[in-house]
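J.: need a 3D model of the sequence below.
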Amino acid sequence: MCNMTKQSILLVNLGTPESATPAGVKAFLKPFLSDPRVVSIPRLFWLPLLNGVILPLRCKRVAKAYQSIWFDDGSPLLHYSLLQQKALSSLFEEAGRNVNVELAMTYGERSIKAAIAKLQQSGSEHIVVLPLFPQYSSTTTAPVFDQVARYLQTTIDAPSVSLVKHYHNHDTYIDALALSIERHWQENGRAEKLLLSYHGIPKFLVEKGDIYADHCVETTTLLCARLGITEDEVVHSYQSRFGKAEWLQPYTNETLVKLAASGTKSLDVIAPAFAVDCLETLEEMAIENKTVFVNAGGEDYRFIACLNDDEAHIRALHAVASEYLR
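T.: The predicted structure follows:
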């Protein structure tokens, strides 16, 4: 069938500082932590606390963490996201499909508004918005949908839009995760256990109806089945909690201590909720939590990189997006 309507795919990731400096971190964290979807504390209380206490104290520490993993060409998240954009565009070209692929961030530079406007200017009439969050959450995917809706409210000639809510159980995504783990095992051997560490969210959001935890559990279940491993060989946990509220448990750092204390000496670790390597994987998981495990008595801690622009991952994104193209 002839593709009469010019179509596009908009990949969206969370965002990243433009520089590994306190100023760069602040410019990114301020809109991120000001979003009611991310922090639901009443604005009259939260915003003065954010601007007067949290940002001044947090930015220097976060900037230092970014400096430890910063690439020569900038942020790892942006580096890998751009590679994904390029690889996915090439795959559509190879398939003979006239599809533009653009990249946007929910917060910071490369705004969703600017990306959609750019796609419209290039002639796109149908846009598939693909948030790079395999498991849906009101804290990650929903803000993308919010910003798309706000753009559509302000434009005269609105494009048709398809929103990809999740792909946590898509066969191609599970295959890509499994292949990356199997490749790691072939090259390094298998550790005693495999830890799947997902980004956490506050527990009260799940109690209000956020389906993120269910998606994470389903991803773990499907991945174990695909790998042919038992529950005794796998550990499921949640990382990156912020603030004093209770988040999804078990917490990754506490889990690492318990594993080491119970005699686990070797551990393979992967973070399935992250589409690309970033601060939470390269610094928190690969460096900080490795120290936690070793200090607690563990010996061999091997972090498995995110899917990034791996060929199987790009095929998965292609398969997911293609289901929404006309």
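
J.: tell me where the stretch 151-300 of the chain has helices.
T.: Along the stretch 151-300 of the chain, the stretches classed as helices by DSSP state H, counting those that start in this stretch are 171-188, 203-208, 212-227, 252-261, 289-295.

J.: put together JSON lines for those, with mean neighbour count, mean pLDDT and distance to Leu163 on each row.
T.: Backbone N, C-alpha and C define where each C-beta goes, glycine included. Output for those, formatted as JSON lines (neighbours: other Cβ atoms under 10 Å; pLDDT from 0 to 100; distance: least, Cβ to Cβ, whole Å):
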{"stretch": "helix 171-188", "mean neighbour count": "17", "mean pLDDT": "98", "distance to Leu163": "17"}
{"stretch": "helix 203-208", "mean neighbour count": "14", "mean pLDDT": "97", "distance to Leu163": "20"}
{"stretch": "helix 212-227", "mean neighbour count": "18", "mean pLDDT": "98", "distance to Leu163": "16"}
{"stretch": "helix 252-261", "mean neighbour count": "19", "mean pLDDT": "98", "distance to Leu163": "30"}
{"stretch": "helix 289-295", "mean neighbour count": "17", "mean pLDDT": "98", "distance to Leu163": "33"}
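
J.: and of the ones you listed, who's closest to His318?
T.: helix 171-188 (8.2 Å; Cβ to Cβ).

J.: what is the distance between that closest one and the centre of its chain?
T.: 18 Å (Cα atoms, centre = their mean, to the nearest Å).

J.: just the angle between that helix and helix 212-227, please?
T.: 60 degrees (axes from the mean of the first three to the mean of the last three Cα atoms, to 10 degrees).

J.: name the residues that touch helix 171-188?
T.: For helix 171-188, contacts defined as Cβ atoms under 8 Å, 6 or more residues apart in numbering pick out 134, 167, 194, 219, 222-223, 226-227, 268, 270, 272, 302, 304-305, 307, 310, 312-313, 315-316, 319-320.

J.: thought Ser197 was touching Glu254?
T.: No. Between Ser197 and Glu254 there is no contact under Cβ atoms under 8 Å: 11.8 Å.

J.: quick revisit: any chance of the helices of the stretch 151-300 of the chain in CSV, plus distance to Val101?
T.: Conversion of the helices of the stretch 151-300 of the chain to CSV gives the following (distance: least, Cβ to Cβ, whole Å):
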stretch, distance to Val101
helix 171-188, 17
helix 203-208, 31
helix 212-227, 25
helix 252-261, 33
helix 289-295, 33
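
J.: out of the ones you listed, which comes closest to Leu78?
T.: With Cβ to Cβ as the measure, helix 171-188 is the member of the helices of the stretch 151-300 of the chain nearest Leu78 (21.0 Å).

J.: where does the protein dip in pLDDT?
T.: 1-5 (pLDDT under 70).

J.: list the residues that contact the most centrally placed residue in it.
T.: Nearest to the geometric centre of the chain sits Phe274, at 3.3 Å (Cα atoms, centre = their mean). Applying Cβ under 8 Å, 6+ apart to Phe274 gives the contacts His199, Glu280, Thr281, Cys306.

J.: I'm done for today, thanks for sticking with me.
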